[in-house]
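1. structure for this input, please:
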Amino acid sequence: MPQPGPREVEHEITVSAPATVVYRLIAEVQNWPRIFPPTIHVDHVEKSGRTERIRIWATANGEAKNWTSHRTLDPEGLRIDFRQEVSAPPVASMGGAWVVEPLSGSATRVRLLHDYRAVDDDPQSLRWIDEAVDRNSRSELAALRTNVELAHASEDLTFSFEDTVRIAGSAKDVYDFINEAHLWHERLPHVATVRLTEDTPGLQTLEMDTRAKDGSVHTTKSYRVTFPHHKIAYKQVTLPALMTLHTGYWTFTENGAGVDASSQHTVTLNTANIARILGPDATVEDARDYVRTALSTNSRATLHHARDYAEARA
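-> Have a look, this model is predicted:
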């Protein structure tokens, strides 16, 4: 049985990369959904000099949570201190630090420190936090090492693109169409079934079966963070064979003529499956074109249906 009261734990890993590279990757929070498996989305709330407030949406033991943290960046000391502003139950308080220590010109030790306590010092809650911190810390450090060490090798495997449709309607109506994903099986021909839950307002779990052009059905799972009525960010956690990463967001920007509705994707290709999926002669460029076409086709179809929906209400 865990002892009540504050807990302090430390995890560490050695990374084959220069310390300054490792520090920069940790400091740039906009990349976290790409490099840390539990992270769904991160937004800057405030930023002033070396201090900032960030809001983080992430999974813990399979549950989606969100919180706001203060961070203090020390690029000379290669250290980032953090403290949750308002923790999500069962966490009463949580803080810690990233400490980056050069071992040589090409090797770095990363130490991830945490201090925390449970609401009412409840032993069962403390055990839950222990498990979540341990699992997420190990996952984050392993992902950090993998992504830093493969940064150069995978540079041409990660790419982003965006599709935009102009709509003569309101941002709210377009947003509603994308937000109401539980109705997509009725509204979108390529969607077979949908399972949408939103236990925490603004934080959704979306499971969906979609039909490909060849008639096959693919199941995907995503976490979505909604910002009425201008943005929906997501991270796909059940991925097709040709991807090791898929994040993105929908944005809705009003202008004098109506709304610019956009779908942005960031993808990392899974080279191990290219030959199996596309044939022995297929190249990385072939896989890039295939994935972009598939995602863009579905996104544009969704945006066109959203346009019809919004313009019918204009």
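2. phi first, then psi, for the spatially closest residue to Y234 that is not a sequence neighbour.
-> Spatial nearest neighbour of Y234, excluding adjacent residues (Cβ to Cβ, 6 or more residues apart in numbering): R224 at 4.3 Å. For glycine as for every other residue, the C-beta is placed from the backbone atoms N, C-alpha and C. Dihedral angles of R224 (phi, psi; degrees, to the nearest 10) stand at phi -130, psi 140.
3. tell me the contacts of R224?
-> For R224, the contact set (Cβ atoms under 8 Å, 6 or more residues apart in numbering) comprises 181, 203-206, 232-234.
4. dump those into a markdown table; add pLDDT, secondary structure and distance to V29 as well.
-> Shown next, in a markdown table, are the contacts of R224 (pLDDT from 0 to 100; DSSP: H, G, I helix; E, B strand; the rest coil; distance: Cβ to Cβ, whole Å):
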| residue | pLDDT | secondary structure | distance to V29 |
| --- | --- | --- | --- |
| A181 | 96 | helix | 26 |
| L203 | 92 | strand | 18 |
| Q204 | 94 | strand | 21 |
| T205 | 93 | strand | 23 |
| L206 | 95 | strand | 23 |
| I232 | 98 | strand | 19 |
| A233 | 97 | strand | 13 |
| Y234 | 96 | strand | 17 |
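5. quick one, helices of the stretch 101-250 of the chain?
-> 123-149, 171-179, 184-187 (DSSP state H, counting those that start in this stretch).
6. please point out which parts of the last one sit buried.
-> In other words, helix 184-187. Across helix 184-187, burial judged by 16 or more other Cβ atoms under 10 Å covers 184-185, 187.
7. which one of those is nearest to H265?
-> W184 (17.5 Å; Cβ to Cβ).
8. what sits against the closest one?
-> Neighbouring residues of W184 by Cβ under 8 Å, 6+ apart: 191, 194, 208, 302.
9. kindly recompute the last result at 10 Å.
-> Counting by Cβ atoms under 10 Å, 6 or more residues apart in numbering, W184 makes contact with 177-178, 190-194, 196, 206, 208, 210, 302, 305.
10. now a PyMOL select for only the buried ones of those residues.
-> Selection of buried members from the contacts of W184 for PyMOL, criterion 16+ other Cβ under 10 Å:
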select buried, resi 177+178+190+191+194+196+206+208+210+302+305
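11. re the thing from before, out of the helices of the stretch 101-250 of the chain, which one sits most buried?
-> helix 171-179 (a mean of 22; mean count of other Cβ atoms under 10 Å).
12. distance to G215 and mean pLDDT for the helices of the stretch 101-250 of the chain - can I get that in TSV?
-> What follows is those, written out as TSV (distance: least, Cβ to Cβ, whole Å; pLDDT from 0 to 100):
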stretch	distance to G215	mean pLDDT
helix 123-149	35	89
helix 171-179	26	97
helix 184-187	17	95
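13. can you say which of these is nearest to M94?
-> Nearest to M94, of all those, is helix 123-149, at 8.1 Å by Cβ to Cβ.
14. buried stuff in stretch 202-212?
-> Neighbour counts over stretch 202-212 (16+ other Cβ under 10 Å) mark 203-208, 210 as buried.
15. with stretch 70-81 instead?
-> With the criterion 16+ other Cβ under 10 Å, stretch 70-81 contains buried residues 70-71, 73-74, 78-81.
16. what are the neighbouring residues in contact with R109?
-> 12-15, 19, 22, 99-103.
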